[in-house]
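1. Sequence first, predicted coordinates after that:
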Amino acid sequence: MDPFVALADPVRRDLLRVLVSGPARVVDLAARHPISRPAVSKHLRVLAEAGLVTVEDRGRERHYALARPGLAPVRALLDELAGRRPPIPESAFDALDLEVRRTVHDRRAGTDAVPGTGRTQEESA
């Protein structure tokens, strides 16, 4: 199952939030929700099919844990969306070119500031 489909349900997202702190039994997870234990078990099954949780049988109890590698497709999408930046507008390059030319001109004329003094080269001489 697609992890995005599994994450679409608010109950399943809440179950994952609880499992971030560590493995939990179905009984404990069901106690946190106003739905039946079988309904919580179905949500956990969907999460397991999506690779978002793992299940371990310990005697008569089933313990669920967050499967962090299952979140890789979600993380990849978020990284892709966060990494997209709009291109730098041409006007920004024009302004940079103007500033570079002004700085070169000032240095040739000897009017640029001497670092740390607040005075120009002409004033320092």
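-> Sure thing, it's come through. Residues are numbered from 1 along each chain as shown.
2. Can you give me the buried ones in stretch 56-66?
-> 62, 64, 66 (16 or more other Cβ atoms under 10 Å). In this view, the C-beta of every residue, glycine as well, is placed from N, C-alpha and C.
3. and the last one, backbone torsions?
-> Reported as degrees, to the nearest 10, the phi and psi values for Leu66 are phi -70, psi 130.
4. for Glu56, same thing?
-> The phi/psi pair for Glu56 (degrees, to the nearest 10) reads phi -130, psi 130.
5. Surely it touches His63?
-> Yes: here Glu56 reaches His63: they are 4.9 Å apart, a contact under Cβ atoms under 8 Å.
6. Now for these two: what residues contact both?
-> Pro23 (Cβ atoms under 8 Å, 6 or more residues apart in numbering).
7. Off-centre distance for the top helix by length along the chain?
-> As assigned by DSSP state H, the longest helix anywhere in the chain is helix 90-109. Relative to the chain's own centre, helix 90-109 is displaced by 37 Å; criterion: Cα atoms, centre = their mean, to the nearest Å.
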